[in-house]
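# here is a sequence with its predicted model. Questions after.
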Amino acid sequence: MNVLIYAESKDRGFKKAINDAVYYGKQVANNTGGKCIAMALGSVDNPSELGQYGVDLVIHDGAEKFDAFDSVQHTKALVQAAKDHHCNLVIIADTANGKSIAGRVAINLEAGLVSMVNALPLSYDPLMVSRTVFSGKAIAKYQFQTENKVMTLAGNSIKAEKQDRVAEVQKMSFNVPDAMVKVLAQETVKGEVPLPEAELVVSAGRGMKGPENWGIIEDLAHTLGATTACSRPVADSDWRPHHEHVGQTGVAIRPNLYIAIGISGAIQHLAGVNNSKTIVVINKDPEAPFFKAADYGVVGDLFEVVPRLTEALKKYKSQNS
Amino acid sequence: MNPYDEWYALVRAIELVEQNGGKVTVISVGGSDYDIIIRKALAIGADNAVRIDMQAEDASQVALEIANYARSRDFEVIFTGKETIDFNGSEVGAMIAALLDMPFVSYASHLEYADGKFVIDRDIEGGIEKVQVNEKFVLSAAKGLAQQRIPNMKGIMMSKSKPLEVMTPLSGNHPRVKVDGFETPPAKSGVKLINPENMDELVRLLHEEAKVI
């Protein structure tokens, strides 16, 4: 089966989520006897770099109109590429833009869609995939009923292996209608791994007492190379920006390490974070419900424990670098 | 109703109609057990409701039914919630937009309307993107789009007499994916407590045992 990856670009390159999607596609292509093809749109410096994760061919349309995201334009191009190259499986990274086109692509290809796939396929023939449901309390196994298939891959769910390889690049010019959604502006944090694909996350809650105390959280995150997050009351009180809010109504994350500081662990918060591989909870209240979901717990005053942890990490880093 | 549908999508739609005129229609795909939820939407302020009498198994079935209903009617904006809170698929909105050949704006957390133009903030990784749409479109609602409204007694009384039309589903609308069983994720082995004085031990465990640093 030929597989097509939607290689969403950012800042002229590709995010980690795309490398994972490519690697996933390569495993399917290898196991079903097909090619792994990627489609990149807009300004990208080096599309052939996707070869490192297994792409055989990159179809690239570098037209500037694609730099501003319009779900209709991007879908049209992706569907065209899938048809041109006889790809029965389209893999899309589970990002804000990826989710915006997945349903559209599925309809246009008359394909079944499974979102937020969390692991390599359970079987290749027939293709069966899995995803977590009910706030991480269960794993559902899915079977496609259609010849064409579309899936989105949850962030940080597989480990992509890198090879020393470049992909062939084929220049393409897709015929798409004018954008109906006009992008006026973007306001995003620069230089930080976005939460949905972060491997390490340091998160803090009301136990911090006020926004002026966040220095110790930022120090810890910086030392660890982690992305910062927060609980809902913290975002609602404007102590931290809205996009840092993890939980049921915020961002759902699945990092390798989640350090929760001064967060009691309400069920709505756990729903967004309990797919984390390892959870560390730091809280002065030994009865905090979060400890039940944790792998490691520290009962203590966060204003003492957090700086101590940062120092211990610095010591570890200097010994191991 | 999940909070994305109720607090954000429904309430923002009602606000738009209160300010600019028009009508809010609520549509749901499900069995008669959904009627009580639909009545709540009417109590909050929707004008009329439609239920497609069907137990859908996947998002494409729901989207096909909603698009089929909307196709022949003149809706300016189709509001969906950003995702369900059990499967979190976030699939139906984009599918409806595709079926109706309309633009789609996902994860809207703020919406302004003036002179036939919609300006919307949509949540993206690490921030927001501000976009403009000048035509009929489909939107998925995220936190922040509106404030929750609790139905008052007058609304509840009025909801009982508002129209709720029950329609039969399309023929041949089959699911395109099927769930073939559930598994329980591997259980946590229980929390290991670390002495708060000894953070070197925590770092050691994260490195040697959990292997995450």
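That came in fine, so what should we check first? Residues are numbered from 1 along each chain as shown, chains lettered A, B, ... in the order given.
# chain center to the helix or strand of chain B with the lowest mean pLDDT: distance?
Ranked by mean pLDDT, DSSP states H and E, the weakest helix or strand in chain B is helix B:3, scoring a mean of 91. In terms of Cα atoms, centre = their mean, to the nearest Å, the centre of helix B:3 is found 8 Å from the chain centre.
# can you list contacts of that helix?
Residues outside helix B:3 that contact it (Cβ atoms under 8 Å, 6 or more residues apart in numbering or on different chains) are A:Thr249, B:Gly81, B:Ile85, B:Lys143, B:Gln148. In short, each C-beta sits where N, CA and C put it, glycine included.
# mind checking the pLDDT average for stretch A:33-48?
For stretch A:33-48, mean pLDDT rounds to 97.
# which parts of that stretch are buried?
Within stretch A:33-48, the residues scored as buried using 16 or more other Cβ atoms under 10 Å in any protein chain shown are A:Gly34, A:Lys35, A:Cys36, A:Ile37, A:Ala38, A:Met39, A:Ala40, A:Leu41, A:Gly42, A:Val44, A:Pro47, A:Ser48.
# looking at this, the fourth one is in a helix?
No - counting by DSSP: H, G, I helix; E, B strand; the rest coil, one finds A:Ile37 to be strand, located in no helix.
# close to chain A, is whichever helix or strand comes after the least confident helix or strand of chain B?
Sequence-wise, the next helix or strand downstream of helix B:3 (DSSP states H and E) is helix B:11-20. No - taking Cβ under 8 Å from any Cβ of the partner chain as the criterion, helix B:11-20 and chain A are apart, separated by no less than 14.6 Å.
# before we move on, what about stretch B:180-192?
Yes - applying Cβ under 8 Å from any Cβ, one finds stretch B:180-192 in contact with chain A at B:Asp180, B:Gly181, B:Phe182, B:Glu183, B:Thr184, B:Pro185, B:Lys188, B:Ser189, B:Val191, B:Lys192.
# spatially central, which residue of chain A would that be?
Closest residue to the average C-alpha location of chain A: A:Gly155 at 2.7 Å, with Cα atoms, centre = their mean.
# wait, a strand at that one?
No - assignment of A:Gly155 by three-state DSSP gives coil, placing it outside any strand.
# okay but it is in contact with A:Asn19, surely?
No - the pair A:Gly155 / A:Asn19 is not scored as a contact, 11.4 Å apart, by Cβ atoms under 8 Å.
# distance check, the residue nearest to the centre of chain A against A:Met116.
Using Cβ to Cβ, to the nearest Å, A:Gly155 is found at 9 Å from A:Met116.
# what's the overlap in contacts for the two?
Shared contacts of A:Gly155 and A:Met116 (Cβ under 8 Å, 6+ apart): A:Asp94.
# roughly how far apart are B:Leu99 and chain A?
Per Cβ to the nearest Cβ, to the nearest Å, B:Leu99 is found 6 Å from chain A.
# and that residue, what does it touch?
A:Ile107, B:Ala63, B:Leu64, B:Ala67, B:Arg71.
# what does A:Leu309 give?
By Cβ under 8 Å, 6+ apart, the contact set of A:Leu309 is A:Leu220, A:Ile282, B:Met199, B:Leu202, B:Val203.
# out of the contacts of helix B:3, who's nearest B:Thr168?
In terms of Cβ to Cβ, no member of the contacts of helix B:3 lies closer to B:Thr168 than B:Gly81, at 24.9 Å.
# let me know whether the closest one touches B:Tyr4 as I believe.
Yes - with contact defined as Cβ under 8 Å, B:Gly81 counts as touching B:Tyr4 (2.8 Å).
# overlap in contacts of the two?
Shared contacts of B:Gly81 and B:Tyr4, defined by Cβ under 8 Å, 6+ apart, comprise B:Ser140, B:Ala141.
# quick one: residues contacting residue 145.
Assuming you mean chain A. With contact set as Cβ under 8 Å, 6+ apart, A:Gln145 has these partners: A:Gly112, B:His174, B:Pro175, B:Arg176, B:Val177, B:Lys178.
# ah, no, chain B please
Contacts here follow Cβ under 8 Å, 6+ apart; on that basis B:Leu145 touches B:Tyr8, B:Ala9, B:Val11, B:Arg12, B:Ala108, B:Ser109, B:His110, B:Leu111.
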